[in-house]
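K.L.:
Using only what follows, build the 3D model:
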Amino acid sequence: MNLIERTNRIVYLDVLRGFALCGILFVNMPSFLGERTTSEMGQVDQLLRLLFDLFIQTKFYTLFSVLFGAGFILFIDRLRVKGKSLWIFVRRLTILLAFGLIHLLFWKGDILQTYALSGFFLLLFVKARPTTKLFVGIALQLYTFFLYLSIYLYARSEGDQSIVEPDGTLQELVASRQVLDYITHHATIEIPMALTNTLTIFPEILSLFLIGAYLMERFTVRPPTSRTLVVLLTVSLLLSLPALYQIVMIHQGEVPDGLANFFFVWLSGRTLAVTYAAAIALLIRSGRSLNGFQVLGRMALTNYLSHTLVLTVLIFLTGAYGTIPLWQGTVAVIVLLVIQVVFSRWYLRRHAQGPVEAVWRAGTYGRRK
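P.N.:
Numbering: from 1, shown residues only. Alright, predicted model coming up:
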């Protein structure tokens, strides 16, 4: 059966994308509101920071990246069915890159430009066999693992220190409501830094794209059984436990937000992402609609960019950057997500896709569809 016809799989992808979007907002929220070291936080915030590191941090960009790779296969399959050129995919990525660069003018943590630049390299694998994609993806994951392991070992031998760097410049600009200077700072400082960071994390992101592409091709031919999903959930959860234990122990030490913590947070993201993906699949197979996640996923790009719009307005209205407690930010995230579910459901009853998705589609094909 053609990939396009497997509507049940697309529902799963929408739900998983919406679920990942929720996690992404929780992860990004401290950056939006201004990073603080864990030692500066109160007890409630320190507990929240621990929970974030255990169950949220690194888990959801992993899911999102794998989904991007799966989406690549779906998109290329559509082009083949319609007899269209691969240049359409290039145009699609170019527009995504433009979205990302504009987004970076307001928030330094944008991932769209990273996805777009890394996505161009997927074109090298259009005709590659699924096993080739998997092999290269695993090889790049191993490269990333040994890179982070070496950093962890260096921190252990030379002494660990916090990797959180509060931004005094942005704090001053927000406090004085200097919006134009805020944008200028991002254009001249944050964009070059973000592009440099993309070069650093490119191998990992491409590896996740390729693994997602492999899984899309593999499970289209033979979807996993429910028993397989239960095994994946159980094994991945068990494999997560040693890293999660290390995170708990590190948070009880003197440097809870250093390189050692980062390594185990990253490591647990590999396995818990599998746990979450399998759990969502099982819930859908059990008859749960998970419509809230589904509508968020169908408008993922619109909702992702609106996170920046809402939280940037919030910090300028309050003049607070780097001073809002994590628990207050968490409450704001929950409220925002509820509003987005309601709005997305309302909007999709009237339109086939979100507003930013519509612009992206129109630019991709050269006309509105």
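K.L.:
Just give me the residue right at the centre of the protein.
P.N.:
Computing the C-alpha centroid of the chain and ranking residues by CA atoms, centre = their mean puts Tyr61 first, at 2.7 Å.
K.L.:
you'd agree that one is up against Leu25?
P.N.:
No. Assessed by CB atoms under 8 Å, Tyr61 is found out of contact with Leu25, at 11.8 Å. (Each C-beta comes from the backbone N, C-alpha and C, glycine too.)
K.L.:
State the pLDDT value of Glu5.
P.N.:
Looking at Glu5, its pLDDT reads 37.
K.L.:
Can you check what pLDDT the model gives Val221?
P.N.:
79.
K.L.:
What about it, how many residues nearby?
P.N.:
A count of neighbours around Val221, defined by other CB atoms under 10 Å, yields 8.
K.L.:
Then Leu173?
P.N.:
Count around Leu173 with other CB under 10 Å applied: 21.
K.L.:
pretty sure it contacts His185?
P.N.:
Yes. Counting by CB under 8 Å, Leu173 touches His185, with 6.4 Å between them.
K.L.:
and Ala332, how far is that from Thr271?
P.N.:
Ala332 sits 29 Å away from Thr271, going by CB to CB, to the nearest Å.
K.L.:
Compare the two and say which is more crowded by neighbours.
P.N.:
Set Ala332 next to Thr271 and count neighbours by other CB under 10 Å: Thr271 wins out with 21 against 18.
K.L.:
Surely that one touches Pro242?
P.N.:
No. Assessed by CB under 8 Å, Thr271 is found out of contact with Pro242, at 9.7 Å.
K.L.:
Pull the contacting residues for Lys133.
P.N.:
By CB atoms under 8 Å, 6 or more residues apart in numbering, Lys133 lies in contact with Phe125, Leu210, Ile211, Ala213, Tyr214, Glu217.
K.L.:
what separates the longest helix seen in the chain from the chain centre, distance-wise?
P.N.:
In the chain, with assignment by DSSP state H, the single longest helix is helix 191-221. Taking the mean of its C-alpha atoms, helix 191-221 sits 11 Å from the chain's own mean (CA atoms, centre = their mean, to the nearest Å).
K.L.:
now the helix or strand that it is followed by, how far from the centre of its chain.
P.N.:
Scanning forward in sequence from helix 191-221 by DSSP states H and E, the next helix or strand is helix 226-251. In terms of CA atoms, centre = their mean, the centre of helix 226-251 is set 20 Å apart from its chain centre.
K.L.:
about what we covered before: what strand or helix carries the residue nearest to the centre of the chain?
P.N.:
In the assignment (DSSP H and E), Tyr61 maps to helix 59-82.
K.L.:
CA-only coordinates of that helix in PDB, if you can.
P.N.:
Taking Å, rounded to 0.1, in the frame of the first residue of the first chain, the C-alpha atoms of helix 59-82 are listed here in PDB:
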ATOM      1  CA  LYS A  59      13.400  13.500  24.900                       C
ATOM      2  CA  PHE A  60      11.200  15.600  22.700                       C
ATOM      3  CA  TYR A  61      13.600  17.100  20.200                       C
ATOM      4  CA  THR A  62      14.600  13.500  19.600                       C
ATOM      5  CA  LEU A  63      11.000  12.600  18.800                       C
ATOM      6  CA  PHE A  64      10.600  15.700  16.600                       C
ATOM      7  CA  SER A  65      13.700  15.000  14.600                       C
ATOM      8  CA  VAL A  66      12.700  11.400  14.000                       C
ATOM      9  CA  LEU A  67       9.300  12.700  12.900                       C
ATOM     10  CA  PHE A  68      11.000  15.000  10.400                       C
ATOM     11  CA  GLY A  69      12.800  12.100   8.900                       C
ATOM     12  CA  ALA A  70       9.500  10.200   8.600                       C
ATOM     13  CA  GLY A  71       7.900  13.200   7.000                       C
ATOM     14  CA  PHE A  72      10.700  13.400   4.500                       C
ATOM     15  CA  ILE A  73       9.800   9.900   3.300                       C
ATOM     16  CA  LEU A  74       6.100  10.800   3.100                       C
ATOM     17  CA  PHE A  75       6.900  14.000   1.100                       C
ATOM     18  CA  ILE A  76       9.200  12.300  -1.300                       C
ATOM     19  CA  ASP A  77       6.700   9.600  -1.900                       C
ATOM     20  CA  ARG A  78       4.000  12.200  -2.800                       C
ATOM     21  CA  LEU A  79       6.400  13.800  -5.200                       C
ATOM     22  CA  ARG A  80       7.100  10.400  -6.900                       C
ATOM     23  CA  VAL A  81       3.400   9.600  -7.100                       C
ATOM     24  CA  LYS A  82       2.600  13.000  -8.700                       C
END
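K.L.:
between it and helix 191-221, how big is the angle?
P.N.:
60 degrees (axes from the mean of the first three to the mean of the last three CA atoms, to 10 degrees).
K.L.:
Show me what counts as buried in helix 59-82.
P.N.:
59-77, 79 (16 or more other CB atoms under 10 Å).
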